[in-house]
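**Q** no sequence on this one, just coordinates:
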């Protein structure tokens with residue numbers, strides 16, 4: 001059900017959709033103010049990529065969703081919100097987050113399933129180490145450069161990793177480490 005043109009949820013629509021088992025795209029919603037996102041009974045894809053922020057209560061509401069959840073408009077998360085979103089059953093996309101520090105990486109890595117963080121451009125060594133604890137597919141296609149230490153850390157990840165945004169010119173040894181891991185997806189143009 002594509003409701004992308006809706007910019008505000010009419011009262012009761014979230015309750016009606018909570019028992020809907022098909023995909024629901026509400027990407028036109030841009031403001032989360034006073035919005036309750038009660039989708040605990042919803043089991044399909046939930047697209048809310050128009051939202052740039054959510055409250056702690058809304059993140060807690062979303063934690064009960066069972067299905068892929070697209071929050072590609074969120075540009076800021078707190079550790080509490082990241083912890084709530086890590087409890088979603090299904091793929092979680094947070095592709096507008098441009099920075100990822102340890103305070104967000106740790107709770108997000110508790111998510112079991114696909115996790116897309118394609119807006120993150122730079123990883124610290126600490127964050128690369130933390131990301132190895134994530135179980136499931138991890139997408140970091142916005143990362144363009146890795147150190148050898150980061151490559152070694154990511155090669156220990158328990159699941160597939162997509163790093164198709166890496167530039168062809170990496171520190172010595174990075175490509176060798178990444179190519180040896182059968183679960184790391186690299187761009188054919190650069191690998």
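**A** Right, received. Where do you want to start? Remember, it's a predicted structure, so these values are computed and weren't measured experimentally. Numbering: from 1, shown residues only.
**Q** Relative to residue 178, how far out is the residue nearest to residue 133 when sequence neighbours are not counted?
**A** Leaving aside its chain neighbours, residue 133 sits nearest to residue 109 (4.8 Å; criterion: Cβ to Cβ, 6 or more residues apart in numbering). All C-beta atoms are positioned from the backbone trio N, CA, C, and that covers glycine. Distance of residue 109 to residue 178, computed by Cβ to Cβ, to the nearest Å: 20 Å.
**Q** Just the strands from this protein, written as ranges.
**A** For the chain, the strands defined by DSSP state E occupy 24-25, 46-47, 69-70, 92-93, 115-116, 138-139, 161-162, 184-185.
**Q** Redo those as CSV? Include mean neighbour count and mean pLDDT.
**A** Listed next are the strands of the chain as CSV, based on neighbours: other Cβ atoms under 10 Å; pLDDT from 0 to 100:
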stretch, mean neighbour count, mean pLDDT
strand 24-25, 20, 75
strand 46-47, 24, 88
strand 69-70, 22, 94
strand 92-93, 22, 98
strand 115-116, 24, 98
strand 138-139, 24, 96
strand 161-162, 21, 94
strand 184-185, 18, 88
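**Q** Would you reformat those as a markdown table and include distance to residue 77?
**A** Below are those laid out as a markdown table (distance: least, Cβ to Cβ, whole Å):
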| stretch | distance to residue 77 |
| --- | --- |
| strand 24-25 | 21 |
| strand 46-47 | 17 |
| strand 69-70 | 13 |
| strand 92-93 | 11 |
| strand 115-116 | 13 |
| strand 138-139 | 17 |
| strand 161-162 | 21 |
| strand 184-185 | 25 |
